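Enquirer: have a look; sequence and predicted model below, questions after that.
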Amino acid sequence: MDTTDETLATAAAAGDRAAFATLLQRHYDRVFALAWRMTGSRTEAQDLTQDICAALPAKLRGWRGDARFTTWLYRVTVNAAHDLRRRQATHSRAANGWGDWELARQDGIAEDRAALDWLQAAMTRLPPELRDTLALVLGQDLSQAEAGQVLGLSEGTIAWRMSEVKKRLRVIAAEEAR
Amino acid sequence: MMDEFDRLQAALRQAPAPEATAKAEAIALAMKNFDHLQGSPSAARPNSDRPEPAGFLNGVFDMLKSLGTTRVLAATTSVAAICVGLVVVLPLIGDLNLPVPKPAVQQAAPVAPLAETPVQPPAEPGRVRQDVDALTAAPQTPVLPELTPELITEPMADTAAAPEPAMESADAMAAPMAGAPAPAFKTAPGGMVGLAMPEMAPMPLENTEEFSSAPVNPVKVTAEEPVSTFSIDVDTASYAVVRSSLNAGYLPEAEAVRVEEMVNYFPYAYAAPVAGEAPFRTAVTVMQTPWNPGTRLVRIGLQGRLPALDDRPPLNLVFLIDTSGSMEDANKLPLLKQSLRLMLAELRPEDQVAIVAYAGSAGEILPPTKAENADEILAALDRLGAGGSTAGAEGLALAYQVARKMAGAGEVSRVLLATDGDFNVGIDDPEGLTKYIAKQRDTGVYLSVLGFGRGNLDDATMQALAQNGNGTAAYIDTLNEARKVLVDQLTGALFPIADDVKIQVEWNPAAVAEYRLIGYETRALRREDFNNDKVDAGEIGAGTAVTALYEVTAPGSAALRNDPLRYGTAQPLAQADELGFLRLRYKAPGEDVSALIETPIQPATSEPDADARFAVAIAGFGQLLTGSTYLGDWGWDQAIELALGARGDDPYGYRIEAVNLMRMAQTLAQ
């Protein structure tokens, strides 16, 4: 049986190089996927994941082993994505969220776009906090309680957000039907 | 409808596979950083809590953001200007004996043009973000002239005519220079401006801590500038920062040391004011200076009234709590929770508490709740968790809104901001933030700042916020300090008895030829601001004491640092039975018009009591830490001895702790 993430993380936090390398190999794809789901762009996700990797050694010093490693790692990723968003928001205050700043640069990422049109259209209409919740619950297959842990919210709030998503999707569907 | 949901799920699941090269690159980078982290940094920086600012690169980002183009240019041009100035000054000082104190007068050839030599004071090493403090900026603070880029390439003559011969405001000694055949070295206050320059490294790129500081107050000549004006300062943050540095095994940066805050950290037994009179009482003592036999120290003490605790007005507290990711460390959020828990026990049942958190998005964690429902408040505190990034302004706006909602007639409302400093992420305009707070101040809501943790402590912003918000800034490094600030001194910290307290001392040239204010650099006011009630100043809380120290030199003393003017006017012979005249202005809380208290300073030198000697020892401690040039041979041994002999009644052990810190500093300084 493989060594658990938690054990590896504790070892890595204490300076074990091999443990850290194993952790990275194991989780890079997962972080990238979440980053993609939160940003909606491949290049953005790639940069974000690289930033997270670069900062991970230092972050790991704050690892206390009081949560599952994936939960902790998702929290790091979500926070990094939020930071990125905020930086982008100061760059252009008018742009707001997933779709808008994405649309503003659509020429540059034409290849990403074709496959993503519908998803993008749907995600664009959701406010950022709902998108984050979706990325974790639907994308990463977390339970609502786990998503709550990552986002620092109660399970109830996640449940409410998911029902809010469904409500909004209903509106979108109704519009599309017209 | 469910189709849409499933479709979304399916689409979200189809995350593209990461690029192999990007993955390899990222992993290599991570490994490199990992190795780097295991190696050198801990040696250079022994405290382990070097923060990961909320979002790597943010520190650098912030720094660049706060450094507008003009500022960068101003900084670089002033470096250039100093270099040019140095070239001009150096040949002159080259053949004089440098370590000044009292050199034989050498008649140099008249060097009139020199008066215009732009000897710019260094652009305050640790203090790049002057804008944050703009509202309270010291007039002595040499304001960086806004040099335009052209100046860099312009010839010397133009540079010499650079706006504002900043030297003059920074140092009265520059004045006698004008056209006088004075020795050139006089342009250097307390050492060599020019020689101090190499320390003026542009910016430490790796440290995100910022401290509020200004150049050390110089010796002033009474005949030229008889009036000294400043605002009181009841903050104690600097002492706690110094302590946390020393305990971590390194000497604090000079910019982190504010002597007046260190002196004011300790309780002193000044006589309490008489009931029915002004809300505070002044005590002036004159004593021999331990580090200079030729000078005397004038200690000005203010003791605030302690109102009857039983009928204090109800209190409305809004805790504005930073829950950003960087607060996760044990000495941050967990310590903060414990601290607030301690404080809660001190509140009355009718006091109200609300909690607002900021991190990512601001939110009201706990609506206004009476302190008697302690369980509810504690439960809300426990729910707080660190995560997300900092968006301070949003939280602040919400906190003020909640505070205004809670305010009732005769009640005191205060926002208590608890943060590790990273306050400005997402706000590109720190100046706007302080302005906002200054505006909120008029609504009667006070703002106090509690700093936690080290590493990216933004002391400069904390100071600016507290000073503009009519509050105090404290730095909490241990639970013990939390108890001191939030329990022992709770009434003083939360109930103001006098607002905008300003001190002005007019020295009598017949009795005092030179004077120097020790500390209060960041609190200096312009002379005319004293009578201007629009100008903000410090607040005194119930029962708190404030101490200010002047070092004064009598005319004809061997310790005079400035020579008499060759072309100066003859000294007017006034009566010398007063050293000076002390004026104080304050406003009763909530009022707009200030009241005036006047007291002459009598020259009678008395044997200082333990309190006075201890205050002096601490002032010496602070000056030793800043590398002051005024102390002569007086060093750590003498400071420790003086403090040890002046422990007096020290029930909480604050004074002996200070002595131990001095010992630690002595060892580290070797």
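Expert: That came through, no problem.
Enquirer: report the secondary structure state of the closest residue to chain B within chain A.
Expert: Evaluated by Cβ to the nearest Cβ, chain A has A:Asp83 as its residue closest to chain B, separated by 3.2 Å. Backbone N, C-alpha and C define where each C-beta goes, glycine included. Of the three states, A:Asp83 takes helix according to DSSP: H, G, I helix; E, B strand; the rest coil.
Enquirer: which strand or helix spans B:Arg655?
Expert: Assigned by DSSP states H and E, B:Arg655 belongs to helix B:654-669.
Enquirer: on that earlier part again, what about the residue of chain A closest to chain B, how many residues nearby?
Expert: With neighbours defined by other Cβ atoms under 10 Å in any protein chain shown, the count for A:Asp83 comes to 27.
Enquirer: tell me how far it lies from B:Ala240.
Expert: 29 Å (Cβ to Cβ, to the nearest Å).
Enquirer: got it, and B:Thr544?
Expert: Where B:Ala240 is concerned, B:Thr544 sits at a distance of 16 Å (Cβ to Cβ).
Enquirer: cool, and B:Ala545?
Expert: In terms of Cβ to Cβ, B:Ala545 sits 18 Å off from B:Ala240.
Enquirer: tell me where the model's unsure across the chain.
Expert: Chain wasn't specified; assuming chain A. By pLDDT under 70, the low-scoring segments of chain A are A:1, A:89-118, A:120-121, A:176-178.
Enquirer: not what I meant, chain B
Expert: Along chain B, the parts satisfying pLDDT under 70 run over B:1-4, B:39-213, B:307-310, B:360-362, B:386-393, B:421-430, B:455-458, B:492-493, B:568-575.
Enquirer: domain assignment for it?
Expert: Per the record, chain B has its domains at B:68-199, B:220-234+B:249-306+B:497-563+B:572-669, B:309-494, by automatic domain parsing.
Enquirer: go through those domains and name the closest to chain A.
Expert: It's domain B:309-494; of the domains of chain B, that one is closest to chain A (Cβ to the nearest Cβ) at 4.2 Å.
Enquirer: didn't B:Glu521 look like it was pressed against B:Ser231?
Expert: No - between B:Glu521 and B:Ser231 there is no contact under Cβ atoms under 8 Å: 11.6 Å.
Enquirer: all helices for chain A, in order.
Expert: For chain A, applying DSSP state H gives helices covering A:5-13, A:17-39, A:42-59, A:69-91, A:97-104, A:110-124, A:128-134, A:144-151, A:155-177.
Enquirer: rebuild the ones you listed as JSON lines, extending it with distance to B:Ile503.
Expert: Converted to JSON lines, the helices of chain A look like this (distance: least, Cβ to Cβ, whole Å):
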{"stretch": "helix A:5-13", "distance to B:Ile503": "52"}
{"stretch": "helix A:17-39", "distance to B:Ile503": "55"}
{"stretch": "helix A:42-59", "distance to B:Ile503": "46"}
{"stretch": "helix A:69-91", "distance to B:Ile503": "41"}
{"stretch": "helix A:97-104", "distance to B:Ile503": "53"}
{"stretch": "helix A:110-124", "distance to B:Ile503": "60"}
{"stretch": "helix A:128-134", "distance to B:Ile503": "51"}
{"stretch": "helix A:144-151", "distance to B:Ile503": "51"}
{"stretch": "helix A:155-177", "distance to B:Ile503": "52"}
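Enquirer: which one of those lies closest to B:Ala20?
Expert: Of all those, helix A:17-39 sits nearest to B:Ala20, with 10.5 Å by Cβ to Cβ.
Enquirer: excluding its backbone neighbours, what's nearest B:Arg299?
Expert: Nearest residue to B:Arg299, sequence neighbours excluded (Cβ to Cβ, 6 or more residues apart in numbering or on different chains): B:Thr285, at 4.6 Å.
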